[in-house]
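1. Sharing a sequence plus its predicted fold:
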Amino acid sequence: MTVLALETSCDETAVAILRANRCGHELLASEVASQVAAHEKYGGIVPEVASRNHLIYAPRLLDRAASAAKIRLSEIYAFAATSGPGLASSLMIGASIAKGLAIGFGKRYLGINHLEGHLLSPFFGFESDGDNDIKPNVSLIVSGGHTMLVVVRGLTNYQVIGHTVDDAAGEAFDKVAKLLGLGYPGGPEIEEHARGGDAKRFDFPRSMLASENFSFSGLKTAVRYLLPKVVGRFCETPGIERRLTQTPYNLDEQTLRDLCAAFQQAIIDVLVTKTLAAAQKHRLDLVTISGGVSCNQELRRQMRDASGRKGIEFKSAEPWLCTDNAAMIAFAAVSRLRAGFESPVTEEIDPNLALVSQL
Ligand code: KG4
Ligand code: ZN
């Protein structure tokens, strides 16, 4: 079966075509159009700009994906789209296109939870290795909008055991990068500057270590309050906000690197400690990580090493599958189709869609 999926939950427009057979999966096309430049000048994502851009990009990506896959849309078995969580006006574009194609060609439609797309992505292998079964695991989803720990017993059998009570891990990376005058998205910028930094120079808090929930806003505030102390020269500027937004120009390169390394290490310590504690508590011998923050090489390395020391297996998706993309939505759709699921075209998008429905 060949599935076409759209992902438009936020500011990336993405289309993928995935062919699945008894032996495995073949990703025939995966197209992503980033809107970072369109939102940069506003200092954040503007929902109306995002949806207008989805409308411009989606038809082009559909064309590009179909020709890369050498397939006609009429040959697609099912059309899928992210149905939540995300920005309502963005979700609507992808879901409406997928529903329209499904109705037009008389095919199946699947609305996919974006979080399930991330959560399943570590199991996405293209080779015919038969290794795509969803094994029981503790799944850490770390993205710009979410940070959660999930006990996964199998496809659709999810139990959320922890979530952030304030900022998501990726949001903390983005906000601290902004404080430091680095670009958006902040995660890759901080990772880059953390190389060659001394993580021990600054002692940032590791919050709520004994709980399965997360909190990152204290860490962000700690960076905010430390900055004037390590900067100095702008102290004559009135107003802390103004002073802080100017600090990057005043930070020497080594201090910037040390700050990035210390901040990144504080996040990694929290993520690794809680994920492994959850695996031990729930007696699971596999941990997986997914979402944009799981691109972070240092997080992957430390999670792998710490898991290995406890005899726990570690799995993560290829970095390009960790940030928002439609291949993970297509993979979730194929997994669900195989398990007998499909969605009615009357199903609505839900900006607050939970991973586990609260009936
Ligand atoms: O999964 P994603 O693409 O979108 C959401 O569903 O939110 O995640 C985006 C987030 C951003 O906050 C970005 O800063 C973070 O992932 N991110 C990283 C890295 N690459 C992306 N965080 C840390 N290190 C990275 N290398
Ligand atoms: Zn995401």
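-> Perfect, thanks for sending it. Note that this is a predicted model, so its numbers are computed, not measured. Ligands and ions are numbered 1, 2, ... in the order given.
2. Every contact and neighbour count from this point should use C-alpha atoms.
-> Fine.
3. Ligand 1 contacts on the stretch 201-350 of the chain?
-> Residues of the stretch 201-350 of the chain lying close to ligand 1 by C-alpha under 6 Å from any ligand atom are 291-293, 295-296, 323-324.
4. Most neighbours among the residues you listed, which one?
-> Gly291 (28 neighbours; other C-alpha atoms under 10 Å).
5. what's the span of stretch 73-81, first residue to last?
-> 15 Å (C-alpha to C-alpha, to the nearest Å).
6. and that stretch, average pLDDT?
-> For stretch 73-81, mean pLDDT is 98.
7. Which residues does it contact?
-> Where contact means C-alpha atoms under 8 Å, 6 or more residues apart in numbering, the residues beyond stretch 73-81 that reach it are 1-8, 66, 94-95, 98-99, 101-102, 105, 107-112, 329-330, 333.
8. Quick check on these: which are buried?
-> 2-8, 66, 94-95, 98-99, 101-102, 105, 107-112, 329-330, 333 (16 or more other C-alpha atoms under 10 Å).
9. among those, which are in helices?
-> Among the buried ones among the contacts of stretch 73-81, the subset assigned to helices under DSSP state H consists of 66, 94-95, 98-99, 101-102, 105, 329-330, 333.
10. will you turn those residues into JSON lines that also has distance to Glu192 and pLDDT?
-> Compiled in JSON lines, these are given as follows (distance: C-alpha to C-alpha, whole Å; pLDDT from 0 to 100):
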{"residue": "Ala66", "distance to Glu192": "35", "pLDDT": "98"}
{"residue": "Gly94", "distance to Glu192": "33", "pLDDT": "98"}
{"residue": "Ala95", "distance to Glu192": "35", "pLDDT": "98"}
{"residue": "Ala98", "distance to Glu192": "37", "pLDDT": "98"}
{"residue": "Lys99", "distance to Glu192": "41", "pLDDT": "98"}
{"residue": "Leu101", "distance to Glu192": "41", "pLDDT": "98"}
{"residue": "Ala102", "distance to Glu192": "43", "pLDDT": "98"}
{"residue": "Phe105", "distance to Glu192": "46", "pLDDT": "98"}
{"residue": "Ile329", "distance to Glu192": "29", "pLDDT": "98"}
{"residue": "Ala330", "distance to Glu192": "31", "pLDDT": "98"}
{"residue": "Ala333", "distance to Glu192": "34", "pLDDT": "98"}
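11. what's the farthest-apart pair in those residues?
-> Using C-alpha to C-alpha, those span at most 20.2 Å, a distance reached by Phe105 and Ile329.
12. mind checking how far stretch 92-109 is from the chain centre?
-> 25 Å (C-alpha atoms, centre = their mean, to the nearest Å).
13. Sorry, slip of the keys, the one I care about is stretch 138-150.
-> Here stretch 138-150 is found 8 Å from its chain centre; the criterion is C-alpha atoms, centre = their mean.
14. Nearest residue to the middle of this protein?
-> Gly291 (2.6 Å; C-alpha atoms, centre = their mean).
15. hang on, the earlier thing: pick the one among the ones in helices among the buried ones among the contacts of stretch 73-81 closest to ligand 1.
-> Of all these, ligand 1 sits closest to Ile329, with 12.1 Å by C-alpha to the nearest ligand atom.
16. got the contact list for the nearest residue to the closest one once chain neighbours are set aside?
-> Closest residue to Ile329 apart from its sequence neighbours, by C-alpha to C-alpha, 6 or more residues apart in numbering: Gly117 at 5.0 Å. If a contact means C-alpha under 8 Å, 6+ apart, then Gly117 has 328-329, 331-332 as its contacts.
17. in the chain, which helix or strand is least confident?
-> helix 240-246 (a mean of 44; mean pLDDT, DSSP states H and E).
18. Next, count neighbours for Glu75.
-> Neighbouring residues of Glu75 were enumerated by other C-alpha under 10 Å; the total is 12.
19. before we move on, what about the one 3 residues further on?
-> Neighbouring residues of Ala78 were enumerated by other C-alpha under 10 Å; the total is 27.
20. Also Leu73?
-> Leu73 - counted by other C-alpha under 10 Å - has 19 other residues nearby.
21. for Val345, same thing?
-> Neighbours around Val345, by other C-alpha under 10 Å: 17.
22. measure it to Ser51 for me?
-> Distance of Val345 to Ser51, computed by C-alpha to C-alpha: 21 Å.
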